[in-house]
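Student: can you look at this prediction? I've put the sequence above it.
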Amino acid sequence: MSGSGKDKDQDRKPPHMDEEFLQWLMKNASTSAWEEEEEDDDGDESRSIHTGRISMRDSSRLGYELPEEDPAARKKIAAYLRDLEVEPPSVLFRRLEELGYKGQEEARRAACLMAYRHIRRLRRIYIDKVPREKVGPKSNILFMGPTGSGKTFLVELLFGKLVRIPSVVVDVTAFSETGYVGMDTNNIITRLYHAADRDPDLTKIGIICLDEFDKLASGQNNAVFAGAGTTKDVTGLGVQRELLKMLEGSVVHTPVEMTHASYVETLDIYTGDIGFVAVGAFSGFAKVLGRMLYGTVAGFGRKTQSTRIDENAIAHTFTEEEVAKISYFQSYGFLPELVARFTRIVPLRALDSQTLKTILQEQVIDRAQEEFASEGLTLEVTDGVMDRVIEEALRRETGARGLTSLLSRYIEEVAFEYFGTGEQGITVRLVLKDGRIVPEKS
């Protein structure tokens, strides 16, 4: 019947086609939300805005909206945090070295302090029941340094071995702006949801590491879409825009599965208590510094000034002063608002030869010697060979990541010849002869 209440209700139901659904959403958006006045426990009136499944409390004083929290969920998170053992930052610092992390003292201090503050803030909110406006916002941190300097390894060790809260390392290069080919940024929270054993409450207090964060820079993007007459960076600026609110704190409609399907079950996850750690090599950032900080840009009648920065170096070490201004990141291709979401930007140094030698001995040679011992063999690597491998790693500017590949080819040659032969008590030494690494049997 035309004009009946039943027909109106049917008209309000969302259809199953995408285009029709968008038309329905635009038609009913103005009538899908309502406001009501409610009394707080202390008698004060406060406004709640209800939109579908989410109830948002007006928190303009904090600069963002807070969802009304389920008392059962709060109690569950509080119980989890009570059982969570968190050591002081100084203890975490020492334990990282015991687990094999070498060097990068400044980055280690910053990461350990961030981890401790993250848990302490959550305990004040969920256990001590301190109002959020008194606790303050969460802390996000950005690590930038050359490849092989230990950025991602630091996060994996700290949150995977020592601070046992849900955490995940996400390669952001796989994500694109919503509506385009590639994974949506909402799937970043989906990854954390899976790491939290599909527990939405524990997902809200986890840690997300945005790996390869520098690859989101859009300054060098020149993609032109056919017929569009313009450029659109859907994997750089597009993803940056969608990360803005996520890093600050917002409700994200999170798919429960990693899928591209239009219709999938979603959860509403508030990100205001999720800590974000971004890591990236920022190759080419030295050129930006050279232009803006040291004035190496030549123009009409202008001489290029000398600079201490080697703009062609891969393993460049930045100082705190060089990464202090957000305008440098804007020139590199980042939204200044996104970089401002990080409370601390920590540059990591390129590893020196002594640190590389320690890593080579403890994480490459020692493991290889244990494998040889299980075969009844003895492997020895002379200091000359170690110095040559480190020299080559420094020349290639690959850091600790290149140590294994540089030495493993020689170890594998020996392993191929003697493993599984049943020979016992043989000692194989890798020595340096005429500038070449060769094995000797004894």
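Tutor: On my side now, so go ahead.
Student: what segments of this structure are strands?
Tutor: Assigned by DSSP state E, the strands in the chain fall at 33-39, 45-51, 54-57, 66-67, 141-144, 167-171, 207-211, 251-255, 266-270, 275-280, 344-347, 377-381, 426-433, 436-441.
Student: do you know which of the ones you listed lies nearest Ala110?
Tutor: Closest to Ala110 of the strands of the chain, according to Cβ to Cβ: strand 344-347, at 4.8 Å. Where you see a C-beta, it was placed from the backbone N, CA and C, and this is true even at glycine.
Student: which elements pack onto the closest one?
Tutor: For strand 344-347, the packing partners by 3 or more Cβ pairs under 8 Å, 6 or more residues apart in numbering; DSSP states H and E come out as helix 105-126, strand 141-144.
Student: mean neighbour count, distance to Val438 and mean pLDDT added to those, as JSON lines?
Tutor: Converted to JSON lines, the helices and strands packed on strand 344-347 look like this (neighbours: other Cβ atoms under 10 Å; distance: least, Cβ to Cβ, whole Å; pLDDT from 0 to 100):
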{"stretch": "helix 105-126", "mean neighbour count": "20", "distance to Val438": "38", "mean pLDDT": "95"}
{"stretch": "strand 141-144", "mean neighbour count": "24", "distance to Val438": "39", "mean pLDDT": "94"}
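Student: any idea how far apart the tips of stretch 241-255 sit?
Tutor: One end of stretch 241-255 sits 19 Å from the other (Cα to Cα, to the nearest Å).
Student: can I get the strands of the chain in CSV with distance to Lys287?
Tutor: Formatted as CSV, the strands of the chain follow (distance: least, Cβ to Cβ, whole Å):
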stretch, distance to Lys287
strand 33-39, 48
strand 45-51, 46
strand 54-57, 44
strand 66-67, 42
strand 141-144, 14
strand 167-171, 25
strand 207-211, 23
strand 251-255, 35
strand 266-270, 38
strand 275-280, 15
strand 344-347, 16
strand 377-381, 39
strand 426-433, 37
strand 436-441, 36
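Student: which stretch among these comes nearest Leu403?
Tutor: Using Cβ to Cβ, the nearest of these to Leu403 is strand 377-381, at 11.9 Å.
Student: strand partners of that closest one, parallel vs antiparallel please.
Tutor: Its sheet considered, strand 377-381 pairs with strand 426-433 (parallel) by DSSP bridges.
Student: got the buried residues for the partner strand?
Tutor: Ile426, Val428, Arg429, Leu430 (16 or more other Cβ atoms under 10 Å).
Student: what do you get for stretch 72-79?
Tutor: Quick answer for stretch 72-79 (16+ other Cβ under 10 Å): Ile77, Ala78.
Student: what do you get for stretch 250-267?
Tutor: Ser250, Val251, Val252, Thr254, Pro255, Leu267.
Student: show the end-to-end separation of it, please.
Tutor: End-to-end distance of stretch 250-267 (Cα to Cα): 13 Å.
Student: check the offset of that stretch from the chain's centre.
Tutor: 20 Å (Cα atoms, centre = their mean, to the nearest Å).
Student: what does the average pLDDT come to for it?
Tutor: Average pLDDT, stretch 250-267: 83.
Student: same thing with stretch 422-442?
Tutor: Averaged across stretch 422-442, the pLDDT comes to 87.
Student: CA atoms of it as CSV?
Tutor: Coordinates of each C-alpha in stretch 422-442 appear next as CSV, following Å, rounded to 0.1, in the frame of the first residue of the first chain:
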residue,chain,number,x,y,z
GLY,A,422,79.2,-39.8,8.4
GLU,A,423,82.8,-38.4,8.8
GLN,A,424,83.5,-37.5,12.4
GLY,A,425,86.1,-35.3,14.1
ILE,A,426,86.9,-33.2,11.1
THR,A,427,87.7,-29.5,11.6
VAL,A,428,87.0,-27.1,8.8
ARG,A,429,88.5,-23.6,9.0
LEU,A,430,87.5,-20.6,6.8
VAL,A,431,90.7,-18.6,6.2
LEU,A,432,91.6,-15.6,4.1
LYS,A,433,94.2,-16.4,1.3
ASP,A,434,95.2,-13.9,-1.4
GLY,A,435,92.2,-11.8,-0.6
ARG,A,436,89.8,-14.8,-1.0
ILE,A,437,87.9,-16.8,1.6
VAL,A,438,88.7,-20.5,1.3
PRO,A,439,88.0,-23.6,3.5
GLU,A,440,90.8,-25.7,5.0
LYS,A,441,90.3,-29.2,6.3
SER,A,442,92.2,-30.7,9.2
